[in-house]
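Asks: fold the following and give me the result.
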Amino acid sequence: MAGTILAVLATIAALVFGLQRAAASEAPWCAVIAMTEDSVYWDCQYRSFEECRPNVLAGNRGWCNPNPYYVTGPKEPKRPRKRSARPQ
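Replies: Residues are numbered from 1 along each chain as shown. You can find the predicted model right below:
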C-alpha cells in the first residue's frame, strides 16, 4: 500500500514539475552556441531569426534554432466580414 501511494505521488510530481510552459522571458529563437566539443549553450532571447544571426556570426561557434520550449499565446478568433448588400 505504501509503495502504491509513493508511486502515485511520484507520478503526480513528475507531471506537475515536468510539463512547464516556457518562461515569459524566453523567445521563439535561440542561439545554440558550442562551448566545447561535448557541451552547447542555448541562448533563447531572440524574437526573430534576424536578431539571432549576428550573435552567431560574431565569432561564436553555433547556429540559430527555433526554441523547442516556446509556447505561443492564443490567437485572436477571426471576425466574420460584414457582407455588403447587393444592389437590385
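
Asks: of all residues in the chain, which one is nearest the centre?
Replies: For the chain, Tyr70 is the residue whose C-alpha lies nearest the centre (CA atoms, centre = their mean; 1.2 Å).

Asks: is that residue in contact with Tyr46, as I believe?
Replies: No: using CB atoms under 8 Å, Tyr70 makes no contact with Tyr46, being 10.7 Å away. No exception for glycine: its C-beta is placed from N, CA and C like everyone else's.

Asks: which neighbours do those two have in common?
Replies: Listed as contacting both Tyr70 and Tyr46 by CB atoms under 8 Å, 6 or more residues apart in numbering are Ala27, Pro28.

Asks: what is the neighbour count of His55?
Replies: Heads up, residue 55 is Asn, not His. Using other CB atoms under 10 Å, the number of residues around Asn55 comes to 16.

Asks: wasn't it part of a helix?
Replies: Yes: Asn55 sits within a helix when classified using DSSP: H, G, I helix; E, B strand; the rest coil.

Asks: quick check: it vs Lys75, distance?
Replies: 29 Å (CB to CB, to the nearest Å).

Asks: same question for Leu57.
Replies: 33 Å.
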